[in-house]
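# Give me a model of this one.
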Amino acid sequence: MQQALIDSIKASPAYRQLVTSRRRFSFRLTALMILTYYGFILFVALAPKVLAHPLYAGATTSVGIVVGIGIILIAVGLTGGYVLRANRTFDPLMSALLAKARQGD
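As a prediction, this is how the structure comes out:
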(Lines give C-alpha, C1' and ligand atoms only; values in the text may rest on other atoms or scores of the structure.)
Protein backbone atom coordinates (compact mmCIF):
# COMPACT_ATOMS: atom_id res chain seq x y z
CA MET A 1 0.00 0.00 0.00
CA GLN A 2 1.27 3.46 -0.77
CA GLN A 3 2.01 5.81 2.08
CA ALA A 4 -0.39 8.43 0.66
CA LEU A 5 -3.23 5.88 0.74
CA ILE A 6 -2.39 4.94 4.32
CA ASP A 7 -2.28 8.59 5.36
CA SER A 8 -5.61 9.34 3.68
CA ILE A 9 -7.26 6.41 5.48
CA LYS A 10 -5.78 7.46 8.84
CA ALA A 11 -7.04 11.01 8.31
CA SER A 12 -10.58 9.83 7.57
CA PRO A 13 -13.16 10.55 10.30
CA ALA A 14 -14.82 7.20 9.54
CA TYR A 15 -11.54 5.40 10.23
CA ARG A 16 -11.05 7.24 13.52
CA GLN A 17 -14.61 6.37 14.52
CA LEU A 18 -14.01 2.72 13.63
CA VAL A 19 -10.83 2.61 15.70
CA THR A 20 -12.58 4.27 18.64
CA SER A 21 -15.53 1.89 18.43
CA ARG A 22 -13.32 -1.19 18.18
CA ARG A 23 -11.12 -0.03 21.06
CA ARG A 24 -14.12 0.72 23.30
CA PHE A 25 -15.63 -2.71 22.58
CA SER A 26 -12.31 -4.45 23.23
CA PHE A 27 -11.82 -2.63 26.54
CA ARG A 28 -15.33 -3.60 27.66
CA LEU A 29 -14.68 -7.26 26.94
CA THR A 30 -11.30 -7.06 28.64
CA ALA A 31 -12.87 -5.46 31.72
CA LEU A 32 -15.51 -8.20 31.86
CA MET A 33 -12.86 -10.90 31.71
CA ILE A 34 -10.69 -9.21 34.35
CA LEU A 35 -13.69 -8.79 36.66
CA THR A 36 -14.65 -12.43 36.14
CA TYR A 37 -11.16 -13.77 36.76
CA TYR A 38 -10.30 -11.57 39.73
CA GLY A 39 -13.75 -12.12 41.18
CA PHE A 40 -12.99 -15.83 41.13
CA ILE A 41 -9.60 -15.26 42.74
CA LEU A 42 -11.23 -13.19 45.49
CA PHE A 43 -13.83 -15.91 45.96
CA VAL A 44 -11.06 -18.49 46.32
CA ALA A 45 -9.28 -16.29 48.86
CA LEU A 46 -12.35 -15.34 50.89
CA ALA A 47 -14.60 -18.41 50.67
CA PRO A 48 -12.53 -21.50 49.84
CA LYS A 49 -14.86 -23.81 51.76
CA VAL A 50 -17.76 -22.88 49.50
CA LEU A 51 -15.76 -23.85 46.43
CA ALA A 52 -14.60 -27.07 48.08
CA HIS A 53 -18.16 -28.14 48.84
CA PRO A 54 -19.38 -31.07 46.70
CA LEU A 55 -22.18 -30.39 44.23
CA TYR A 56 -24.42 -32.88 46.01
CA ALA A 57 -24.05 -35.51 48.71
CA GLY A 58 -21.54 -38.13 47.63
CA ALA A 59 -20.37 -36.19 44.58
CA THR A 60 -16.68 -36.08 43.73
CA THR A 61 -17.04 -32.87 41.74
CA SER A 62 -16.89 -29.69 43.76
CA VAL A 63 -18.51 -26.30 43.22
CA GLY A 64 -15.05 -24.91 42.40
CA ILE A 65 -14.70 -27.20 39.38
CA VAL A 66 -18.03 -26.01 38.00
CA VAL A 67 -17.14 -22.37 38.63
CA GLY A 68 -13.75 -22.86 36.94
CA ILE A 69 -15.39 -24.40 33.89
CA GLY A 70 -17.83 -21.50 33.89
CA ILE A 71 -14.94 -19.03 33.76
CA ILE A 72 -13.44 -20.87 30.81
CA LEU A 73 -16.82 -20.78 29.05
CA ILE A 74 -17.12 -17.06 29.74
CA ALA A 75 -13.70 -16.49 28.17
CA VAL A 76 -14.68 -18.52 25.11
CA GLY A 77 -17.98 -16.63 24.88
CA LEU A 78 -16.28 -13.25 25.08
CA THR A 79 -13.81 -14.29 22.40
CA GLY A 80 -16.65 -15.52 20.21
CA GLY A 81 -18.51 -12.26 20.77
CA TYR A 82 -15.50 -10.28 19.64
CA VAL A 83 -15.01 -12.44 16.56
CA LEU A 84 -18.67 -12.10 15.59
CA ARG A 85 -18.61 -8.33 16.02
CA ALA A 86 -15.34 -8.07 14.11
CA ASN A 87 -16.61 -10.19 11.23
CA ARG A 88 -20.03 -8.55 11.03
CA THR A 89 -19.20 -4.93 11.80
CA PHE A 90 -15.54 -3.96 11.96
CA ASP A 91 -14.22 -5.87 8.94
CA PRO A 92 -16.94 -4.69 6.50
CA LEU A 93 -16.43 -1.09 7.63
CA MET A 94 -12.68 -1.37 7.11
CA SER A 95 -13.19 -2.96 3.69
CA ALA A 96 -15.50 -0.11 2.72
CA LEU A 97 -12.91 2.43 3.87
CA LEU A 98 -10.20 0.73 1.82
CA ALA A 99 -12.41 0.57 -1.26
CA LYS A 100 -13.34 4.21 -0.91
CA ALA A 101 -9.70 5.24 -0.47
CA ARG A 102 -8.63 3.19 -3.51
CA GLN A 103 -11.35 4.78 -5.64
CA GLY A 104 -10.00 8.18 -4.70
CA ASP A 105 -6.64 7.35 -6.36
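
# what ranges do the helices span in this protein?
Using DSSP state H, the helices of the chain run over 3-11, 13-46, 48-52, 63-85, 91-103.

# will you turn the ones you listed into JSON lines that also has mean neighbour count and mean pLDDT?
To be clear about C-beta, it is placed using only N, CA and C from the backbone, and glycine gets the same treatment. Conversion of those to JSON lines gives the following (neighbours: other C-beta atoms under 10 Å; pLDDT from 0 to 100):
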{"stretch": "helix 3-11", "mean neighbour count": "12", "mean pLDDT": "82"}
{"stretch": "helix 13-46", "mean neighbour count": "12", "mean pLDDT": "95"}
{"stretch": "helix 48-52", "mean neighbour count": "12", "mean pLDDT": "92"}
{"stretch": "helix 63-85", "mean neighbour count": "13", "mean pLDDT": "96"}
{"stretch": "helix 91-103", "mean neighbour count": "13", "mean pLDDT": "88"}
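
# what's near enough to touch residue 74?
By C-beta atoms under 8 Å, 6 or more residues apart in numbering, the contact set of residue 74 is 32, 33, 36.

# try 10 Å
Applying C-beta atoms under 10 Å, 6 or more residues apart in numbering, one finds that residue 74 lies in contact with 32, 33, 36, 37, 40.

# Fine by me, we can end here.
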